[in-house]
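Enquirer: When you get a sec, could you give me coordinates for this:
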Amino acid sequence: MTGTKEDYINYRIQKSNETYEDAIILADKKRWNSCVNRLYYSSFYLTSALLFKNEIKADTHNGVKSQFFLHYVKSGLLPKETGKLYSHLFDWRQETDYADFIEFNEKLVKPMLESVKELNETLKRLLK
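Expert: Down below sits the predicted model:
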């Protein structure tokens, strides 16, 4: 990695913002599986930046999830609902990427747009 810790964090915030915008575009096109993927990544970029900021090592997606739960949810810094949302995103992304015949729908995914937006804003506040 080149640049400072702050450069990396700002880059991840920018990637998250762009990826969330991609999710909105995909939702407008009713591409629900791809939308789920982008929603997950929009939060993943911020979560991994938060861990990096606090020098918490995580080398895999599962590692990011585990460390996030340990240091932010189980510790009480974030509510359990936040952890549940991130866990759902993680699981759903796994399903859309690796399972066959999985089709998400508008009824399930569309409400997630606002929930993920709120999650991402919370993570951005922790990064500042």
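
Enquirer: Downstream of the helix or strand containing Val64, the next helix or strand is which one?
Expert: Using DSSP states H and E, Val64 falls within helix 61-68. Once the chain leaves helix 61-68, the next helix or strand it forms, by DSSP H and E, is helix 80-98.

Enquirer: gap between Thr19 and Tyr72?
Expert: From Thr19 over to Tyr72 the distance is 20 Å, taken as Cβ to Cβ, to the nearest Å. Just so you know, the C-beta spots here come from the backbone N, C-alpha and C atoms, and that holds for glycine as well.

Enquirer: Buried residues of the helix holding Val64, list them for me.
Expert: His61, Val64, Lys65, Gln67, Phe68 (16 or more other Cβ atoms under 10 Å).

Enquirer: out of these, who's nearest Tyr45?
Expert: Comparing those against Tyr45 with Cβ to Cβ places Val64 closest, at 10.0 Å.

Enquirer: thought the closest one was touching Ile56?
Expert: No: at 9.2 Å, Val64 does not count as touching Ile56 under the criterion of Cβ atoms under 8 Å.

Enquirer: Below-threshold pLDDT in the chain: ranges please.
Expert: 1 (pLDDT under 70).
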